[in-house]
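Undergrad: just the structure for this:
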Amino acid sequence: METRIRTINLLRKAVEPPAGVETDFEILVEFSKRLGLKDKDGNPLVNYASPEEAFEEWKKISEGRPSDMTGMTYDRLEKENGIRWPSTRENPQGKVRLYEDGCFLQKQITVRATEKTLSPGVPKQKKNIKR
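TA: Just a heads-up that it's a prediction; the model follows:
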């Protein structure tokens, strides 16, 4: 789970679910199977044996991105009650503040605001429709 302050937390099952109730992970895997999603080699696209396996792939996908999670592990997430991204191999503790150096992902742009009078438009009537 991710919080609004970029902290990734590991949530464990609190109680056993009623019979027939599936976890989100089980639903994801089954949904993928029913859709017939395959990779380029024809293997099932979502073929994880556990949520931790899915997380390991997510970490690979995040590498080099602003939300890099390659420095996280299940053990650390549990022991440390969450880790903020980016958490890279070089900086596994994560960063408390993003953009503290003043460098943002997008280059700065200038916007010019102008005033425009809004008018309500023409009622939709057959005589007003151009063909």
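Undergrad: which residues of the chain score low on pLDDT?
TA: 111, 115-126, 128-131 (pLDDT under 70).
Undergrad: just the strands in it please.
TA: 7-8, 83-84 (DSSP state E).
Undergrad: for the last one, which helices and strands make contact with it?
TA: Going back to what we said before, that points to strand 83-84. Counting contacts by 3 or more Cβ pairs under 8 Å, 6 or more residues apart in numbering; DSSP states H and E, strand 83-84 is packed against strand 7-8. Where C-beta positions appear, they are placed from N, C-alpha and C, glycine not excepted.
Undergrad: which outside residues touch the strand it packs on?
TA: For strand 7-8, the surrounding residues in contact (Cβ atoms under 8 Å, 6 or more residues apart in numbering) are Met1, Glu2, Met69, Met72, Leu77, Gly82, Ile83, Arg84, Trp85, Ser87.
Undergrad: reformat the residues you listed as a markdown table; add neighbour count and distance to Ala54.
TA: Below are the contacts of strand 7-8 laid out as a markdown table (neighbours: other Cβ atoms under 10 Å; distance: Cβ to Cβ, whole Å):
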| residue | neighbour count | distance to Ala54 |
| --- | --- | --- |
| Met1 | 9 | 13 |
| Glu2 | 13 | 14 |
| Met69 | 25 | 12 |
| Met72 | 25 | 13 |
| Leu77 | 20 | 14 |
| Gly82 | 18 | 18 |
| Ile83 | 22 | 17 |
| Arg84 | 19 | 21 |
| Trp85 | 21 | 17 |
| Ser87 | 25 | 17 |
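Undergrad: sorry, back to before: which one of the strands of the chain lies nearest to Lys127?
TA: The closest of the strands of the chain to Lys127 is strand 7-8. By Cβ to Cβ, the value is 59.3 Å.
Undergrad: residues in contact with stretch 21-30?
TA: Stretch 21-30 is contacted from outside by Lys13, Pro17, Val46, Asn47, Tyr48, Ser50, Pro51, Ala54, using Cβ under 8 Å, 6+ apart.
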